[in-house]
Structure formats: C-alpha cells, structure tokens
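>>> I would like the atomic coordinates for the input below:
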Amino acid sequence: MRAATAPAEGIRPEFREAMDSYEAFFDEYIAFMKAYSESGNSLEMMDDYLSYMQKYVDMTAKLEALDDGSMSDEEMLYYTEVMLRISQKLTDAGL
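All right, here's what the predicted structure looks like:
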C-alpha cells in the first residue's frame, strides 16, 4: 500500500512526486507483466513492453536528476520505503 501523499516536512514536493510516480510506474509494469506472461500471444504485446522499457528509462532519469547529493534524512527514509515496497511487489509478482 502506498503511503499517503500529504506533504511531509523535510521532503521536497518534486522529490515526493518523483518517488510516487516511480512506484506508480512499477504498479502498472507489474500488472502489465502479469498480463504479458498469461497472454497466449505475447508478440501482440511487444510494442507495449517496449513502451514500458522506455518509461522505465524516463523514470530512472527523473530520479537521477533529483539525486544531487542533498537528500534530507526524511527523503532518504521515503526513498528507502518506496524502494522496499517496489521490491516486495516485484517479489510477490515473481518478477
């Protein structure tokens, strides 16, 4: 379950938005990969898969742009929480 999106002291709004977007991307990606693996015709879904890979590159670039070495303690904690949730979701999905 994703954390509430209320502003938190010590977390820049653009940082929170980037992290929430990153987690939302993985929610979509996991749903897509489940459908992809259950599909009888995964070739039809190849364009969608390539689109997700481009989105991943874009999301990663967005996160890297925020990492200027000045994450607050609160941001580091939120980053860690989001990454742990994503890892758990990927593990649960068998990805």
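
>>> OK, contacts around residue 62?
By C-beta atoms under 8 Å, 6 or more residues apart in numbering, residue 62 lies in contact with 18, 21, 22. Yep, even glycine has a C-beta here, placed from its N, CA and C like the rest.

>>> can you rerun that using 7 Å?
Residue 62 is in contact with residue 18, counting by C-beta atoms under 7 Å, 6 or more residues apart in numbering.

>>> list the buried ones in the lowest-mean-pLDDT helix or strand in the chain?
Taking mean pLDDT, DSSP states H and E as the measure, helix 46-66 is the helix or strand of the chain with the lowest mean score, a mean of 87. Judged by neighbour count using 16 or more other C-beta atoms under 10 Å, the buried positions of helix 46-66 are 52, 59, 62, 63, 66.

>>> any idea how far that helix is from the chain center?
Using C-alpha atoms, centre = their mean, to the nearest Å, we find the averaged C-alpha position of helix 46-66 to lie 10 Å away from the chain's own average C-alpha position.

>>> cool, and stretch 79-90?
Averaged C-alpha coordinates place stretch 79-90 at 8 Å from its chain's average position (C-alpha atoms, centre = their mean).

>>> got the buried residues for that stretch?
When neighbours are counted by 16+ other C-beta under 10 Å, the buried residues of stretch 79-90 are found to be 79, 82, 85, 86.

>>> Looking at those, which is nearest residue 35?
Distance from residue 35 was checked for each of those by C-beta to C-beta. The minimum falls on residue 86, at 18.7 Å.
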